[in-house]
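# turn this into a model:
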Amino acid sequence: MSKFNLGALIKNCVGKELFKKAKEFPTNMINIISLKKDPLFARMIVFDEEREFHIIIDEENKEIFHDCPSFLIYSDRDKKICKHFLKSLFLLNEEKAVEIFKTLESYTLTSEDFGSKKKSENFTLLANRCFNELDNYVDGLNYLNKAIINQSQCGSIIENFLNISLKKGLFIEFFEFIRKGYRNELGSTLEIYKKTIQRGFEQFLNSISQYSFYNLLRIINYIEDIFKYISVDFLANHFSIFKKMLLSQDWNEQYFAIYIIRRHYNSLVKAEPRFTDAISEDKTNDFREQLVDYFLQEIENFSVLEKLELMKEQFSIFNIDEDRFLSEYENYKKEIKELEKKVYLKKFVFLKFLMEKYNVKRTKVDFRKKRNVYEVSHNEENLNNPAYSYILGKIGFFGINDSTIKSSDIGINYFIIKDLFLDNFNNFQDIFYYKKQFWGDEEYEINVRDAGSLLTKDKDYVYNVEEHYSNDKVMIVEWDLASKPIKGSLVNAYSSQILIPDQNNPLFHDLRPFDLCYCMKTPTKIEGDMIKNINIITKCSFKDAVKNIANGMEYVEGYYPLSLVKSVIKKELDPFEANRIASTNPNRQFTPNYKKFIKEFRKFLFKFINKERSYIFNEIKRNPKNKSDQILILLNLYNDLAGMDLPYSEFIEDILENDMNIDEFKQALIKSVHKYIQKLLKKREIGSTIAFRLKEMKNSPFIKYFDDFIEIRKKEFENQNILKSGNKCDISQIKKTYYGIKFAKILNLGESTIISPRELSNFKELSQKLGLKLNIVEVESIETD
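Now for the predicted structure:
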């Protein structure tokens, strides 16, 4: 059963708009955790709008579990059906998906998850996959943490988390998890693993120098919260390690030792008197001066604000007066706020560039307040413009038809929204509240001339990443314009979490929307539950992206349909259908350098066709006309072969018997066409030139046969007789010729071969206009059927 049948079935049932939303929902934002085929039992996690939802399809028990708002809120079954569920069907076996959708009335649609067992099991399975298959322990621990849904029956998860994080030396995750556990009243369970936690502290003391100073500050912040729940006394057992760190030349070790000893001086001295004189006053004063100098230097170096905030919080332990740094710090915060505004303005410039280049109409959409959101009615012409849909997604619109937006998002995106719509916002006080909160009293004009620095460069980056990195360490990311710039980044990407580039990377300020980059697969750090900070290696060409994905490299897809490469390799799609999908992708209209992507994609498809010849033979035989047309598109031969209806599938099958590259294949096909035409000209069969439309062939290499075609058409016409007897004229012979066929069509003679004298007169008139002789032979009678 074809994908079209599944799509048509869904579209007919749910309507065009919801169907479109489901098709456009990114495949990489649905994670299939487990899949049993017969009877079907599928577990999935969906990432959408910075939230995670679960889908469980249980064919045997006729139950579909999903916890998104549509399933949760609506009682009407038809309203429960959402883009997540529909997209999940497109990811399943087609025949099975059609069967489920056709029998949906027999399924229970539920969001009930007593004790959150379903979600917990989903997260646990996903964590195990990260550990066992993907070698991605940071993400795995993140999912394992989410598997703790309730306070009971979580002991094994906690034990597993602590052991894995210690084994892999992931102390940020280790201490953050313990802090979260105590805050969430899991202290009694954590107490069971007291020795493991203390062992973690000991291992960390020997690993401090391996962390950046920023991450050390974060870990200290976690540890301080942990010490609100447990005693610090056990650290006194490691006096020798602290003494060694105090004498170390490593900044991290000195900072940690001095901070912990000063912060917990009384407890440590009580447990181990040798801590009394561990730090001299001169050492403290000297380090205090170094800290202030370091802090001020970090402001000069444009350090991340979070790092400075953590240092500021910990300065009290070192008795550093605020008048030594607070003024510079507050000024820096204001500067960062202004830079945040500039990032948003750059985003607006890019969106306005898209509006003007791709003819987005400025229209009135009738903003209507509904609770804490606004609803609009978009212009129909704009809705059919892919660039318009892209813009709506970047300024906060969501829901069916992108018709809903929050007041806060209108306020933050006000300056591009007023350029996009004709509506008057003066009466919407909540919008202006959020606008003033973010922008102050300043007004800004968006100048599209400033867009140049944001446009991705038409450049072939050459970098053979495989020489230095393996597929288990590297992935390809397509960066997208951030809807909400995070940590000053104009771009981000979406997979199971939000990805942002590491601010310390030299490429950070050079990244543009739609850039493809090689990135380290394992994140350098994780920001909360949803934001993953990853390191960039280098930018990536279309050629290398297609090649590496074909060789198994993971990727985060955006607007270039890289997933088609994987689908072709796995034979989920034949190369002809993949080429059709890529070539008709509506987003191609505004995605930069899309033609270059298609060129490299088609080279890959041709190599695949050449390699999998037996598979391709079978595909061509299933639909010779359509498949051969797709190969001609792949070879970029449509112009060269324009105006000729020839048996290309036969030519292609013959050529595929030989092993050759794409250029050789093109030459061989052109040569086959030449031979076919030369043979046809030699045989001169009546009507054979009907396959050639000479006007369309004027720019093709086969126009050289023009005079031969004209001569054949003229002679075959003039060598045929029309038999005339009384009021009957027999044109059966001349009607087989090229001109005979054309004249009969012009005169609407249909299938008839016997015509009247008046029709013959019209036939003769057409002949004379083209300078063709007409042979009319009088006979006694004409036989008719």
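# how about stretch 720-734: buried residues?
720, 722-724, 728-731, 733-734 (16 or more other Cβ atoms under 10 Å). C-beta: built from backbone N, CA, C; applies to glycine.
# typo on my end, stretch 274-281
Residues 275, 278-279 are the ones in stretch 274-281 that count as buried (16+ other Cβ under 10 Å).
# now those in JSON lines, with secondary structure and pLDDT?
Converted to JSON lines, these look like this (DSSP: H, G, I helix; E, B strand; the rest coil; pLDDT from 0 to 100):
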{"residue": "F275", "secondary structure": "helix", "pLDDT": "97"}
{"residue": "A278", "secondary structure": "coil", "pLDDT": "95"}
{"residue": "I279", "secondary structure": "coil", "pLDDT": "95"}
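# could you dump those to a markdown table with distance to Q210?
Formatted as a markdown table, the buried residues of stretch 274-281 follow (distance: Cβ to Cβ, whole Å):
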| residue | distance to Q210 |
| --- | --- |
| F275 | 25 |
| A278 | 23 |
| I279 | 24 |
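# surely S70 meets R77?
No. Using Cβ atoms under 8 Å, S70 makes no contact with R77, being 10.8 Å away.
# packing partners for the helix or strand containing I410?
Here I410 sits within helix 407-412, counting by DSSP states H and E. When contacts are defined as 3 or more Cβ pairs under 8 Å, 6 or more residues apart in numbering; DSSP states H and E, helix 407-412 sits against strand 373-375, helix 429-439.
# let me have the buried residues of stretch 720-734 in TSV, extended by pLDDT and secondary structure.
Formatted as TSV, the buried residues of stretch 720-734 follow (pLDDT from 0 to 100; DSSP: H, G, I helix; E, B strand; the rest coil):
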residue	pLDDT	secondary structure
Q720	92	coil
I722	90	strand
L723	91	strand
K724	90	strand
K728	89	strand
C729	90	strand
D730	92	strand
I731	91	coil
Q733	92	coil
I734	92	helix
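# run through the helices of the stretch 501-650 of the chain in chain order.
542-550, 563-569, 575-583, 594-611, 613-622, 624-634, 648-655 (DSSP state H, counting those that start in this stretch).
# which other helices and strands does the fifth one contact?
Other helices and strands packing on helix 613-622, by 3+ Cβ pairs under 8 Å, 6+ apart, are helix 624-634, helix 648-655.
# any chance of CSV for the ones you listed, columns distance to N184, mean neighbour count and mean pLDDT?
Listed next are the helices and strands packed on helix 613-622 as CSV, based on distance: least, Cβ to Cβ, whole Å; neighbours: other Cβ atoms under 10 Å; pLDDT from 0 to 100:
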stretch, distance to N184, mean neighbour count, mean pLDDT
helix 624-634, 56, 19, 73
helix 648-655, 64, 18, 84
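# the more surrounded of S70 and R77?
Set S70 next to R77 and count neighbours by other Cβ atoms under 10 Å: S70 wins out with 20 against 12.
# which residue packs closest to the more buried one, ignoring adjacent ones?
Take S70 and drop its neighbours on the chain: the residue closest to it by Cβ to Cβ, 6 or more residues apart in numbering is C82, 3.9 Å away.
# dump the residue contacts of the one you found.
18, 66, 68, 70-71 (Cβ atoms under 8 Å, 6 or more residues apart in numbering).
# one more: Y255?
213, 216, 287, 291.
# any idea how many residues pack against the second one?
Which is L216. By other Cβ under 10 Å, 23 other residues sit near L216.
# hang on, the earlier thing: biggest separation within the contacts of Y255, which pair?
Using Cβ to Cβ, the contacts of Y255 span at most 14.8 Å, a distance reached by L216 and F287.
# quick one: find the helix or strand in the protein with the lowest mean pLDDT.
Least confident helix or strand, the chain: strand 525-527 with a mean of 58, by mean pLDDT, DSSP states H and E.
# G643 and D707, how far apart?
G643 sits 16 Å away from D707, taking Cβ to Cβ, to the nearest Å as the criterion.
# compare these two (neighbour count), which wins?
A side-by-side neighbour count of G643 and D707, using other Cβ under 10 Å, places G643 first with 17 against 9.
# so that one makes contact with R693?
Yes. With contacts counted by Cβ under 8 Å, G643 reaches R693, the gap being 4.0 Å.
# distance to I703 for the helices and strands packed on helix 613-622 - can I get that in a markdown table?
Converted to a markdown table, the helices and strands packed on helix 613-622 look like this (distance: least, Cβ to Cβ, whole Å):
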| stretch | distance to I703 |
| --- | --- |
| helix 624-634 | 18 |
| helix 648-655 | 18 |
